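Asker: got a sequence here, can you model it:
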Amino acid sequence: MKWLDQWIHNADDQTEDWMSKTGSPGTRTRIRRWSRMETIGVVATLAAVPLLLLAPLATLAFAIWFSVAGIGRTDVYWWLWGIAVGVPLVGGVLMAIASGRRLAACFADGYVSTGRVDRVIECPGSGDDTASYELRVSAELPGGVVLRRKVYREGSSPLRRVGGPIRFRHNTLDPEDLHDVLFDGFPGAETKAVRP
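Answerer: Residues are numbered from 1 along each chain as shown. Here you go, the predicted model:
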């Protein structure tokens, strides 16, 4: 299944990197489990594409066959469309849930830091997509080390948060590892880096 993860799921290298930095075997097991579930969701969603493309043709074929043969089996259409719509729906939900859980597990044994939002960059969406935001954050740790990270957020504009506190998780104390970050909220103004 690992080759399938690498072929379909491009976050696998990042997951392996996080697993090498995490402390406990239980956390590594959770990361692996959620990564597999995310891959199953991706596979189910991709497998559903042919189902959705073939469902109208199958509906037409069954309609002609049932009409000619005088068969009144409308339950076949319910099963056909239930599978064609249900598989991608289940795959998408599984992929979304597992992705969030995998990400949370990757940072479960990491540090929690509170810093400040230095800058907000708006990334406009295209079409119906809403805008997303890149928050440039920094946190001064004991010993004079200043962490710099990029936090990506969607939803309402966080421009009012510039200069305000932000809490985030990270697995390393590398000051310039910009993507080693998981948003953890907008708390009070204390600054620290501790393992939970």
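Asker: can you show me the strands along this structure?
Answerer: In the chain, the strands defined using DSSP state E lie at 111-123, 132-140, 146-154, 165-170, 182-183, 193-194.
Asker: and among the ones you listed, the most buried is which?
Answerer: Mean neighbours per residue, mean count of other Cβ atoms under 10 Å, is largest over the strands of the chain for strand 165-170, with a mean of 22. (Glycine included, C-beta is placed from N, CA and C.)
Asker: that one - contacts with which helices or strands?
Answerer: Where contact means 3 or more Cβ pairs under 8 Å, 6 or more residues apart in numbering; DSSP states H and E, strand 165-170 is packed against strand 111-123, strand 132-140, strand 146-154, strand 182-183.
Asker: same thing but 6 Å
Answerer: strand 111-123 (3 or more Cβ pairs under 6 Å, 6 or more residues apart in numbering; DSSP states H and E).
Asker: the longest helix anywhere in the chain - what's its average pLDDT?
Answerer: When the chain is scanned for its longest helix (criterion: DSSP state H), the result is helix 25-69. In this model, helix 25-69 has a mean pLDDT of 87.
Asker: same check, this time on stretch 126-136
Answerer: Stretch 126-136 comes out at a mean pLDDT of 78.
Asker: start and end of it, how far apart?
Answerer: Stretch 126-136 has an end-to-end distance of 22 Å (Cα to Cα, to the nearest Å).
Asker: likewise for stretch 63-78?
Answerer: Start-to-end, stretch 63-78 (Cα to Cα) is 13 Å.
Asker: what does it rub up against?
Answerer: Phe62 (Cβ atoms under 6 Å, 6 or more residues apart in numbering).
Asker: quick one: that stretch to chain centroid distance?
Answerer: 42 Å (Cα atoms, centre = their mean, to the nearest Å).
Asker: when you give positions from now on, start the count at 29
Answerer: Right, with 29 as the first residue, what we last looked at is stretch 91-106.
Asker: now Pro215: closest residue in space, sequence neighbours ignored.
Answerer: Arg195 (4.7 Å; Cβ to Cβ, 6 or more residues apart in numbering).
Asker: tell me the confidence at the one you found?
Answerer: Arg195 carries a pLDDT value of 89.
Asker: many thanks, have a good one.
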